[in-house]
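**Q** Coordinates only, no sequence provided:
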């Protein structure tokens, strides 16, 4: 079990200097075990700052973060322990690879947790399986592989710690469509098979709409919207005002509505768009 | 913590010191250093202190800022002072003591000399943007080009190094966070363990520094950069009357110091 409760969380960078900047302000929310959350927001909206609080990399200026009812910032030990339970994959994680072999790099996290050899090996194989890292790559240097492979190795490195909560900051940034799809599929399989909580930080709306069952929209350091994809994408104009895009199907639906076509309901997948258009045109769904 | 590094930091402003041509300032710093090393007696040290304090006041840079920059040097300063106190021959402070009056005198002068040396050069980097500084340096060293010294290459390397300090600090911060997220521990354990813990930071940092350098080289070449040959500047440097006045004052100061030295004041 791993339920995250965030209470009145604020973070101010460089407090007390001329460079003082409030990154997030007064955020309260609860993320139950097993939820698949999409965290949306434009650059500088505070979403990256927010996720770094969830594994105690940043300490709240005010407010608390609770994991299963306990403050993760209690002491030094709790701050370290939480990092094994809440795995955070940073943006462009391939730049963190440093070991001589792929195997050793994936094993870095479990090794830091103080696990035994056999346990480490088991976890590395399991994580590699989830992230589609072929075992024949284990003895290669991670630095000589392709961008997509590196990214999956870095993700495996975090999965190998078997986190109850897996957070990924822009996991598909800079990858080609096939690489992106593969990574999103890996993540969604991890979530399905382990029942872990997954939080994806993104500004790619199509990914978010396809997989997440809850969307949290950040704007200027606070939560602007929080709900199911239906709820959030039924207010497309607000998303655009915040400076975000909407999924392709939502954009097409908006354009069609402007042309005078009366489409019903929230539309954020191709299926929904097709059904709505057919219904509006008086053709039965096929 | 990493953000507190003030190496080569520039504080924009509009004081007389800021407005001086970087070449003038570079020459003045050289004059100042020569003058500083002429000081032997307390009177001449007093003059040096007065002159540099005056420059700081005119520049509008606060004393606090400059002394903050001295902090990393504290160890060297204290060590030099201690060595001088204990290893100078002369009259003992108390009979039988190793500490001599001459040693104390020398230690204080040594401290003053180092502090004045560093704060004088700080005043240069605090009031001159890195770009202006390297431009000035390149022009001043221009004559060396005749001796086949790669002046342009040296100065462009310097300005790039300065330019990338903040970027690399940011990058280090990011990599540290990422490795901490994987359970890395940089704070506890023996010295050897902590040194080993730096490896996960240093390897990615070097890899990305090389990648960045490569990308930068390609970006520069694709904009037709081919060295300093025939290259013009966006900002032309001009010596003004104020520069002449400043240089004159600098020379007067140096001459004064020579006179003081002659009388061993």
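**A** That came in fine, so what should we check first? Everything quoted here is computed from the prediction, not taken from an experiment.
**Q** Which strands or helices does the one helix or strand in chain A whose mean pLDDT sits lowest pack on?
**A** Between all helices and strands in chain A, the lowest mean by mean pLDDT, DSSP states H and E belongs to helix A:205-211, at a mean of 77. Packing partners of helix A:205-211 (3 or more Cβ pairs under 8 Å, 6 or more residues apart in numbering or on different chains; DSSP states H and E): strand A:36-40, helix A:177-194, strand A:197-202, helix A:229-233, helix A:248-258. (Each C-beta comes from the backbone N, C-alpha and C, glycine too.)
**Q** Show me what residue A:6 is bridged to.
**A** Beta-bridge pairing of residue A:6 under DSSP bridges involves residue A:29, residue A:65.
**Q** The helix or strand in which residue B:175 is found: which residues count as buried?
**A** In this structure, residue B:175 sits in helix B:151-181 according to DSSP states H and E. Within helix B:151-181, the residues that qualify as buried are B:151-152, B:155-156, B:158-159, B:162, B:171-172, B:174-181, counting by 16 or more other Cβ atoms under 10 Å in any protein chain shown.
**Q** ok, for the residue in the stretch 51-200 of chain A positioned nearest to chain B, nearest residue in space, not its chain neighbours?
**A** When scored by Cβ to the nearest Cβ, the stretch 51-200 of chain A has residue A:112 as its residue closest to chain B, at 3.2 Å. Of all residues not flanking residue A:112 in the chain, residue B:183 sits nearest, at 3.2 Å (Cβ to Cβ, 6 or more residues apart in numbering or on different chains).
**Q** For chain B, what lies in contact range of chain A?
**A** B:3, B:174-175, B:177-185, B:199-200, B:203-204, B:207-208 (Cβ under 8 Å from any Cβ of the partner chain).
**Q** can you do 6 Å?
**A** Contacts of chain B with chain A, taken as Cβ under 6 Å from any Cβ of the partner chain, map to B:175, B:177-178, B:181-184, B:200, B:203-204, B:208.
**Q** quick one on the thing from earlier: pull out the buried residues from the helix or strand just after the helix holding residue B:175.
**A** Counting by DSSP H and E, the element after helix B:151-181 in chain order, helix or strand, is helix B:191-197. Across helix B:191-197, burial judged by 16+ other Cβ under 10 Å covers residue B:197.
**Q** Check the average confidence over helix B:191-197, would you?
**A** Averaged over helix B:191-197, pLDDT sits at 83.
**Q** any chance of the helices and strands packed on helix A:205-211 in TSV, with mean neighbour count, distance to residue B:220 and mean pLDDT too?
**A** Formatted as TSV, the helices and strands packed on helix A:205-211 follow (neighbours: other Cβ atoms under 10 Å in any protein chain shown; distance: least, Cβ to Cβ, whole Å; pLDDT from 0 to 100):
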stretch	mean neighbour count	distance to residue B:220	mean pLDDT
strand A:36-40	24	37	92
helix A:177-194	16	30	89
strand A:197-202	24	34	91
helix A:229-233	20	44	87
helix A:248-258	17	38	88
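**Q** Ok, which of the ones you listed comes nearest residue A:83?
**A** Among the helices and strands packed on helix A:205-211, strand A:197-202 comes nearest to residue A:83, with 15.0 Å by Cβ to Cβ.
**Q** just to revisit the earlier point, in JSON lines: the helices and strands packed on helix A:205-211, plus distance to chain B.
**A** Shown next, in JSON lines, are these (distance: least, Cβ to the nearest Cβ, whole Å):
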{"stretch": "strand A:36-40", "distance to chain B": "16"}
{"stretch": "helix A:177-194", "distance to chain B": "17"}
{"stretch": "strand A:197-202", "distance to chain B": "13"}
{"stretch": "helix A:229-233", "distance to chain B": "28"}
{"stretch": "helix A:248-258", "distance to chain B": "32"}
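**Q** Would you mind giving those as a markdown table with distance to residue A:91 added?
**A** Listed next are those as a markdown table, based on distance: least, Cβ to Cβ, whole Å:
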| stretch | distance to residue A:91 |
| --- | --- |
| strand A:36-40 | 13 |
| helix A:177-194 | 13 |
| strand A:197-202 | 8 |
| helix A:229-233 | 23 |
| helix A:248-258 | 24 |
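**Q** looking at those, which is closest to residue B:126?
**A** strand A:197-202 (39.0 Å).
**Q** strands paired with that closest one, and their directions?
**A** strand A:36-40 (parallel), strand A:165-169 (parallel).
**Q** before we move on, back to that, got a list of what the residue nearest to residue A:112 touches?
**A** Shown in contact with residue B:183 (Cβ atoms under 6 Å, 6 or more residues apart in numbering or on different chains): A:83, A:109, A:112-113.
**Q** Sketch out the low-pLDDT regions of the chain for me.
**A** You didn't pick a chain, so chain A it is. Residues of chain A that meet the criterion pLDDT under 70 lie in A:1, A:17, A:284-286.
**Q** wrong chain, I was asking about chain B
**A** Low-confidence segments of chain B (pLDDT under 70): B:1-8.
**Q** Let me see the domain layout of it.
**A** B:1-128+B:238-265, B:152-231 (automatic domain parsing).
**Q** is it possible to export the ones you listed to a markdown table including distance to residue B:134?
**A** As requested, those are exported to a markdown table (distance: least, Cβ to Cβ, whole Å):
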| stretch | distance to residue B:134 |
| --- | --- |
| domain B:1-128+B:238-265 | 9 |
| domain B:152-231 | 4 |
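**Q** all helices in chain A, in order from the N-terminus.
**A** A:47-54, A:76-85, A:102-112, A:117-130, A:147-159, A:177-194, A:205-211, A:229-233, A:236-242, A:248-258, A:270-280 (DSSP state H).
**Q** Of the residues of chain B next to chain A, just say which sits nearest to residue B:14.
**A** residue B:208 (37.2 Å).
**Q** so the closest residue in space to residue A:226 that isn't next to it in sequence bridges to which residues?
**A** Closest residue to residue A:226 apart from its sequence neighbours, by Cβ to Cβ, 6+ apart: residue A:216 at 4.9 Å. Per DSSP bridges, the residues bridged to residue A:216 are residue A:39, residue A:226.
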